[in-house]
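Trainee: need coordinates for the following:
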Amino acid sequence: MREATTGSKPLSLVDRHRLRASGGSALGPFGSIRCEYGNAKTLVEVAGIELRTIEELLTRVLPRSRAGSA
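Mentor: Numbering: from 1, shown residues only. Got it, this is the predicted structure:
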């Protein structure tokens, strides 16, 4: 389970070349993700920090929804 969720297969040489040629980054649309935990002492505090980080990242790559559209 851990390998399936955390492991990543390295890109082949061909895939890396295609990615670079298209102007992409091997890091994906989010770039290098850093989370500053500051003085978080509990899992609840850590989860809150990580959730805010995820929300911030998603706002960078997803279009904003318009009011009234579902």
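Trainee: quick one: mean pLDDT over stretch 44-64.
Mentor: Averaged over stretch 44-64, pLDDT sits at 87.
Trainee: got the buried residues for the longest helix along the chain?
Mentor: What stands out as the longest helix in the chain, according to DSSP state H, is helix 43-61. Using 16 or more other CB atoms under 10 Å as the test for burial, helix 43-61 gives no buried residues. C-beta: built from backbone N, CA, C; applies to glycine.
Trainee: what helices or strands is that helix leaning on?
Mentor: Here helix 43-61 touches no other helix or strand, going by 3 or more CB pairs under 8 Å, 6 or more residues apart in numbering; DSSP states H and E.
Trainee: renumber starting at 391 from here on
Mentor: Sounds good: first residue 391 from here, last item helix 433-451.
Trainee: for it, list the C-alpha coordinates in PDB.
Mentor: Provided in PDB are the C-alpha atoms of helix 433-451 (Å, rounded to 0.1, in the frame of the first residue of the first chain):
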ATOM      1  CA  LEU A 433      -1.900  16.300  14.500                       C
ATOM      2  CA  VAL A 434      -4.900  18.600  14.200                       C
ATOM      3  CA  GLU A 435      -2.600  21.600  13.800                       C
ATOM      4  CA  VAL A 436      -0.500  19.800  11.200                       C
ATOM      5  CA  ALA A 437      -3.600  18.700   9.300                       C
ATOM      6  CA  GLY A 438      -4.900  22.300   9.200                       C
ATOM      7  CA  ILE A 439      -1.600  23.500   7.800                       C
ATOM      8  CA  GLU A 440      -1.500  20.800   5.200                       C
ATOM      9  CA  LEU A 441      -5.100  21.400   4.200                       C
ATOM     10  CA  ARG A 442      -4.500  25.100   3.700                       C
ATOM     11  CA  THR A 443      -1.400  24.300   1.600                       C
ATOM     12  CA  ILE A 444      -3.400  21.900  -0.600                       C
ATOM     13  CA  GLU A 445      -6.200  24.400  -1.000                       C
ATOM     14  CA  GLU A 446      -3.600  27.100  -2.000                       C
ATOM     15  CA  LEU A 447      -2.100  24.700  -4.600                       C
ATOM     16  CA  LEU A 448      -5.400  23.800  -6.000                       C
ATOM     17  CA  THR A 449      -6.300  27.400  -6.500                       C
ATOM     18  CA  ARG A 450      -3.200  27.700  -8.700                       C
ATOM     19  CA  VAL A 451      -4.200  25.000 -11.100                       C
END
